[in-house]
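[1] Based on what follows, work out the 3D shape:
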Amino acid sequence: MPKMKTKSSAKKRFKLTGTGKLKRKHAFKSHILTKKSKKRKLALTHATLVHKSDENSIKEQLRLK
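    This next block holds a predicted model:
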């Protein structure tokens, strides 16, 4: 049987933390940055965790489940 492949898009967007949670980057930080405040851009820089309701779906895409 062939191996199950992970979704390439999910592989590029999410990382697993040491405790098994999923880490993601914030959206809206790639272009049209001139109208956004410095404070807003700085807040978007930091990574955050994936919401619990989306975790199962993403873990399935990464073949962790």
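[2] Show me the contact partners of stretch 46-55.
    By C-beta atoms under 8 Å, 6 or more residues apart in numbering, the residues outside stretch 46-55 that reach it are 14, 17, 21, 22, 23, 24, 25, 26, 58. Quick note: C-beta positions are derived from backbone N, CA and C, even for glycine.
[3] What degree of burial does the fifth one show, as a neighbour count?
    Spelled out, it's residue 23. For residue 23, the count of nearby residues is 13 (other C-beta atoms under 10 Å).
[4] distance between the ends of stretch 34-43?
    15 Å (C-alpha to C-alpha, to the nearest Å).
[5] Show me which residues of that stretch are buried.
    Buried residues in stretch 34-43, counted by 16 or more other C-beta atoms under 10 Å: none are found.
[6] Next, check the contacts of stretch 46-55 against the helices and list the overlap.
    Within the contacts of stretch 46-55, residues falling in helices by DSSP state H are residue 58.
[7] Name the nearest residue to the residue positioned nearest the centre of the chain, sequence neighbours excluded.
    Against the mean C-alpha coordinate of the chain, by C-alpha atoms, centre = their mean, the closest residue is residue 24 at 2.6 Å. In space, and not counting its chain neighbours, residue 24 is closest to residue 50: 5.2 Å by C-beta to C-beta, 6 or more residues apart in numbering.
[8] Check the burial of that neighbour by counting its neighbours.
    As a burial measure, residue 50 scores 16 neighbours (other C-beta under 10 Å).
[9] What score does it have for pLDDT?
    Per-residue pLDDT puts residue 50 at 97.
[10] cool, residue 65 as well?
    Confidence score, pLDDT, at residue 65: 79.
[11] Next one, pLDDT for the spatially closest residue to it that is not a sequence neighbour please.
    Nearest non-adjacent residue to residue 65, counting by C-beta to C-beta, 6+ apart: residue 59, 4.4 Å away. Looking at residue 59, its pLDDT reads 95.
[12] All set now, cheers.
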